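K.L.:
Give me a model of this one.
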Amino acid sequence: MSIFSKLLGNSKDLKLMELVSGLAEKGNSSLTCLEQLLTEYDNDDVVKTCCFRIQNLENEGDELVQQIIELLNEISITSWVSHEMVLRLIHVLDDILDNSQSIVRYLENYRLSKVTNEMVLLGKILREGGSELVAMMSLFCCANWQKNTSSILVHIRKIRDLEHQGDFLKAQGLHTLLNLDEGGRALTMRDLAEFRSSEKMLETLELMTDYIHLSSSVVHQCFSD
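P.N.:
Next comes the predicted model:
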């Protein structure tokens, strides 16, 4: 039992924080699997295992979202953040899990023989972003989180930097795609699937940025009240 549980008992607020933090961890695990899938895309066993795991994590995330909503219905006022903010936060986290599953579907449906270097690098950036997000949430999803403000803001800045790196990689991928067209080779559905998968990964990174914008607004609102 944690020290807060000992001090405050099994409060619903603490349970709420635990569930939201758990949802962030599911997203991070999914992004870690996605990076491994892209890095070892030539290994069929690894790809199958990662695809299966990402699907399971998406389902587990849906279950956590349902638990959070049910718990919110039992709490009139939380000592953590507002109901509206909790719903906005879990919506973005759920989208991150959904996007990981969407990327897997693109890869499976179009049976890509390879993944581009930009996709592999984007996978690495997403995994790093997921790690930063979980680290931030471990500081945010706790009683008296305000004392962790400085550390929370450090993680927020790191995720913003990763988004800029993702934008650069997307531009590189688009340049490669346009060069194929200019070279006289007709674009194939697989070419477009590669680019769409990269877009989906960048969209996931943008979701992380949306998430840290929400978290940042909570931090700044707290100290302006």
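K.L.:
For C141, see how far away I103 is.
P.N.:
I103 is 27 Å from C141, where distance means Cβ to Cβ, to the nearest Å. Glycine gets a C-beta too; all of them are placed from N, C-alpha and C.
K.L.:
Tell me how many other residues crowd E74.
P.N.:
E74 has 9 neighbours, counted by other Cβ atoms under 10 Å.
K.L.:
Check the secondary structure at D42 for me.
P.N.:
Following DSSP: H, G, I helix; E, B strand; the rest coil, we place D42 in the coil state.
K.L.:
Quick check: closest non-adjacent residue to it.
P.N.:
If you skip the residues right next to it in sequence, D42 has K114 as its closest partner in space, 7.6 Å away by Cβ to Cβ, 6 or more residues apart in numbering.
K.L.:
the more surrounded of I103 and C141?
P.N.:
Per other Cβ under 10 Å, whichever of I103 and C141 has more neighbours is I103, with 27 against 21.
K.L.:
was I right about that one contacting C33?
P.N.:
No - shown here, I103 and C33 do not form a contact pair, counting by Cβ atoms under 8 Å, at 10.7 Å.
K.L.:
surely V86 meets I75?
P.N.:
No - taking Cβ under 8 Å as the contact criterion, V86 and I75 are not neighbours in contact, 9.4 Å apart.
K.L.:
who touches both of the two?
P.N.:
Residues touching both V86 and I75 comprise L16, with contact defined as Cβ atoms under 8 Å, 6 or more residues apart in numbering.
K.L.:
higher neighbour count, the two?
P.N.:
Neighbours around V86 and I75, counted as other Cβ under 10 Å, are more numerous at V86. The numbers are 21 against 16.
K.L.:
so which strand or helix has that one?
P.N.:
In the assignment (DSSP states H and E), V86 maps to helix 83-109.
K.L.:
in the helix or strand just after that helix, what counts as buried?
P.N.:
Read in the C-terminal direction, the helix or strand following helix 83-109 is helix 117-140, with elements assigned using DSSP H and E. Of the residues in helix 117-140, those with enough neighbours to count as buried (16 or more other Cβ atoms under 10 Å) are 118-140.
K.L.:
just checking, next helix/strand downstream of the lowest-mean-pLDDT helix or strand in the chain?
P.N.:
The helix or strand of the chain with the lowest confidence, counting by mean pLDDT, DSSP states H and E, is helix 3-8 at a mean of 42. The helix or strand immediately downstream of helix 3-8 is helix 12-39, counting by DSSP H and E.
K.L.:
Run through the neighbouring helices and strands of that next one.
P.N.:
Of the remaining helices and strands, those touching helix 12-39 by 3 or more Cβ pairs under 8 Å, 6 or more residues apart in numbering; DSSP states H and E are helix 3-8, helix 44-74, helix 83-109, helix 117-140.
K.L.:
Kindly report which one of the ones you listed carries the lowest mean pLDDT.
P.N.:
If you rank the helices and strands packed on helix 12-39 by mean pLDDT, helix 3-8 sits at the bottom with a mean of 42.
K.L.:
residue contacts, L23?
P.N.:
Contact partners of L23, counting by Cβ under 8 Å, 6+ apart, are G61, L64, V65, I68, I90, L93, D94.
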